[in-house]
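# The following comprises the amino acid sequence and a computationally predicted model.
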Protein chains: 2
Amino acid sequence: MKKVTIMDVARQAGVSMKSVSRVINNEASVRPDLKAKVDKAVAELGYRPNFAARALAAGRSFFLGILFDNPSPGYTLQILNGAYAACRAAGFQLVIESVDTSASDIRETMDGLLASARLDGMVVTPPACDNAAVIAALDARKLPYVLLAPIRDNPEVASVRSNDAAAVHDLVRHLWGLGHRRFGLIDGPATHGASQWRREAFVAALEERGHAPSDIVTATGEFTFSSGIGAGLQIMRAPQPPTAIFAENDDMAAGVFAAAAQLGVKIPDDLSVVGFDDSWIARSVWPELTTMRQPIFEMAEEAVRLLLDFWKTSEVGKKTFDCTLVTRGSTAPPRR
Amino acid sequence: MKKVTIMDVARQAGVSMKSVSRVINNEASVRPDLKAKVDKAVAELGYRPNFAARALAAGRSFFLGILFDNPSPGYTLQILNGAYAACRAAGFQLVIESVDTSASDIRETMDGLLASARLDGMVVTPPACDNAAVIAALDARKLPYVLLAPIRDNPEVASVRSNDAAAVHDLVRHLWGLGHRRFGLIDGPATHGASQWRREAFVAALEERGHAPSDIVTATGEFTFSSGIGAGLQIMRAPQPPTAIFAENDDMAAGVFAAAAQLGVKIPDDLSVVGFDDSWIARSVWPELTTMRQPIFEMAEEAVRLLLDFWKTSEVGKKTFDCTLVTRGSTAPPRR
DNA sequence: TTTTTTAATGACAGCGCTGTTTTTTGGAAA
DNA sequence: TTTCCAAAAAACAGCGCTGTCATTAAAAAA
């Protein structure tokens, strides 16, 4: 199994090296019969282009990076899978990169990363996408990048996001339709874009239905399971405990389950719980969690596509995805 | 910010291109003063070697692949992080690859993957590491690889594994020490190496203490949360329900929590539960799960190191890691 | 000191491909 | 039929580095 080069293909097909290159790269101005000859030779020889040589000659690497940090495993892995699928489809390879955005030497780390990697572009996932040092390093290198769910929408930067506000309105409609009238909210950390959007939408949706913000029993968590327990206990011990709790992500919603177990509160009979993300934990509690599914896989795919588009056309792409309500066992009409 | 090449460094340092190359690659036979000159020039110019050019000239890519499939998110992500850390330390890049080992065209997928990627080696994670088609494709390409926790121990293949049997013995010692004498076991799928090792060790440890295998209330799951619920219900409804259940992974153990909630069984008062892996879900149940921590991160790091060693010395490395008992709230002395 | 051996450095080709430039080709217009 | 012109194909250089060999400097032996 020795290496087959573009020269071998050219000889076999009786054409020039460059013509083979044209066919391989789907360039215009290739007559069908030539293409056929080349395709035949490629198939016969089992030729595959050499990435390194292409990279060196063309000045691009055919590698895309994906930057992530301190992630919820289920979320991150879905992103990785989506980005990987899109890369394969486009003939690219996916290189993983990771920074600790809570460290102090982010800029140095990033510079080192970028200098040697020679990537064609980078997909930046939260929370790295909201980190100034990360973005600065990317800009300094003039490396094209796409942001996944960034807090601020910079019109000059390609990004993919989900429509959190609309999703939360759907969630409220669902709970309201079941008959719930007293609500609890577990808010996320202030530093996190998602918690801001979700809180505001929740409050707005209830205001539309005549609730004052002060009617909502609110506690704050950290987007983690254990913080959800504390927040859940706090809310359920309120003087007028709600019949439904919205936790701004699934991990905290799962924490509410643990809190409910401690207090002997039955889900969904005594309390309905909804989360957000449809991450893996949503199906790892009992009853399974009603939540909003974010199309994370598709969002990551789209991010790669936007990155590749940007490479070709220099156009800054934007795309927003809708979420879907996934109704499972954790919501039911209130008892009274 | 234009590109700095090895020639620029050579000129700046007043030495030959090749000498710079020697310094960059830490080759022997370089005098300290020359190295100093080159290092200085490299620093001044901010030079970083070009991966593509190196790859082309040296016939190796400085890219390592990691193959994974259908993974438990927490487990996979830990592997990824460990492999990534070791790659960075060695000046390599990590490319992710994924196959669906339940598909029928594994061989074609793998061949396509390997042909274009031009990797220097591959870390193969379970369950792909036990798939014949995957291994055959790797062998055909003569691509060096390391197996992570493979079922069969082929002496000609580098591998990293954990000492499951010893770990299970520790687990049994813990439960026995608490006073438990009636045990339940949730076995994993037969196709999975880990379930075999863990079951056998559990039975053996109890036999040492005078139990017959038939004394153990056993049910079978699929390493998933939902299968753990079913298995848990089955065991708890047995005529003589056990006071402690060992689930062969954390997901199934979490399922037991859900089953216990349904039956009104209190953990750990009425029932102790232990899992295996110390995956993310172990801390996302309440009370938190007592389990065996596998050093997954370190195992993945070691896998990369063995791969690199193999590249240099052609020596087949092997390493086995010990697990650590993590005692959390899900185990306690039995009530009666 | 001179000669031999060894270590350190340099010169040069070429890895496999693509961008650019030049040549050829086929077909429409004259 | 010949001329002209675009489109298609070929020629060729070179991307940035490392392997191989030739050369020089240093160390050891004579």
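Received it, and whenever you're ready, just let me know what you need. Numbers count the residues shown, from 1 in each chain, chains lettered A, B, ... in the order given.
# could you dump stretch A:276-295 to CSV, C-alpha only?
Taking C-alpha atoms only, stretch A:276-295 is exported to CSV below (Å, rounded to 0.1, in the frame of the first residue of the first chain):
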residue,chain,number,x,y,z
PHE,A,276,-34.3,24.3,29.3
ASP,A,277,-31.9,22.8,26.8
ASP,A,278,-33.1,19.2,26.7
SER,A,279,-29.7,18.1,27.7
TRP,A,280,-28.9,14.6,28.7
ILE,A,281,-29.9,14.9,32.3
ALA,A,282,-33.5,15.7,31.2
ARG,A,283,-34.0,12.0,30.5
SER,A,284,-32.0,10.9,33.6
VAL,A,285,-34.5,12.0,36.2
TRP,A,286,-37.8,10.4,37.0
PRO,A,287,-40.3,11.4,35.8
GLU,A,288,-38.5,12.7,32.7
LEU,A,289,-38.2,16.4,32.4
THR,A,290,-40.4,18.6,30.3
THR,A,291,-38.0,21.1,28.7
MET,A,292,-37.2,23.2,25.6
ARG,A,293,-35.0,21.4,23.1
GLN,A,294,-32.3,23.5,21.6
PRO,A,295,-31.2,22.1,18.3
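# Would that stretch count as contacting chain B?
Yes - for stretch A:276-295 and chain B, the contact criterion (CB under 8 Å from any CB of the partner chain) is met by A:280-281, A:283-286. Every C-beta, even on glycine, is put in place using the N, C-alpha and C of the backbone.
# So residue A:199 is in contact with residue A:249, correct?
No - distance between residue A:199 and residue A:249: 11.9 Å, which falls outside the contact criterion (CB atoms under 8 Å).
# Find residues that contact each of these two.
residue A:188 (CB atoms under 8 Å, 6 or more residues apart in numbering or on different chains).
# any idea what residue A:96 is structurally, helix, strand or coil?
strand (DSSP: H, G, I helix; E, B strand; the rest coil).
# what's around it, how many residues?
Counted with other CB atoms under 10 Å in any protein chain shown, the neighbours of residue A:96 add up to 22.
# same check, this time on residue A:28
By other CB under 10 Å, neighbour count at residue A:28 equals 5.
# Next one: it from chain B, what distance?
When CB to the nearest CB, to the nearest Å is the yardstick, residue A:28 and chain B sit 23 Å from each other.
# how close does the residue of the stretch 151-300 of chain A found nearest DNA strand D sit to chain B?
Relative to DNA strand D, the nearest point of the stretch 151-300 of chain A is residue A:158 (26.7 Å; CB to the nearest atom of the strand). Residue A:158 sits at a distance of 21 Å from chain B (criterion: CB to the nearest CB).
# I'd assumed residue A:308 was in contact with that residue.
No - shown here, residue A:158 and residue A:308 do not form a contact pair, counting by CB under 8 Å, at 10.5 Å.
# Please name the nearest non-neighbouring residue to residue A:255.
Leaving aside its sequence neighbours, residue A:255 sits nearest to residue A:228 (CB to CB, 6 or more residues apart in numbering or on different chains; 2.0 Å).
# Give me the distance between that neighbour and residue A:294.
Per CB to CB, to the nearest Å, residue A:228 is found 18 Å from residue A:294.
# more neighbours, the two?
Relative neighbour count places residue A:228 above the other of residue A:228 and residue A:294, with 32 against 25, counting by other CB under 10 Å.
# Spatially, what comes nearest to residue A:256 if we skip its sequence neighbours?
Spatially, and ignoring its direct neighbours in sequence, residue A:256 is nearest to residue A:232 (3.7 Å; CB to CB, 6+ apart).
# Count the neighbours of the one you found for me.
Residue A:232: 31 surrounding residues under other CB under 10 Å.
# Now do the same contact list for it.
Residue A:232 makes contact with A:186, A:219, A:245, A:247, A:252, A:255-260, according to CB under 8 Å, 6+ apart.
# Got a quick ChimeraX command for the buried subset of the residues you listed?
Typed into ChimeraX, the next command selects the buried ones out of those (criterion: 16 or more other CB atoms under 10 Å in any protein chain shown):
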select /A:186,219,245,247,252,255,256,257,258,259,260
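# Which of the contacts of residue A:232 fall in helices?
Under the assignment DSSP state H, the contacts of residue A:232 contribute A:252, A:255-260 to helices.
# between those, which is nearest residue B:174?
For residue B:174, the nearest member of those is residue A:258. The distance, counting by CB to CB, is 23.1 Å.
# Let me know the distance separating the closest one from residue A:192.
As defined by CB to CB, residue A:258 lies at a distance of 22 Å from residue A:192.
# Hmm, residue A:100 and residue A:67 touching each other?
No - no contact is recorded between residue A:67 and residue A:100 when judged using CB under 8 Å, the distance being 11.4 Å.
# who's more crowded, these two?
Between residue A:67 and residue A:100, counting by other CB under 10 Å, residue A:67 is the more crowded of the two (24 against 12).
# tell me which element that one falls in.
Assigned by DSSP states H and E, residue A:67 falls within strand A:63-68.
# is that strand up against DNA strand C anywhere?
No - counting by CB under 7 Å from any atom of the strand, no contacts exist between strand A:63-68 and DNA strand C, the nearest distance being 14.5 Å.
# Show me how far that strand is from its chain's centre.
Averaging C-alpha coordinates over strand A:63-68 and over its chain gives two centres that are 13 Å apart (CA atoms, centre = their mean, to the nearest Å).
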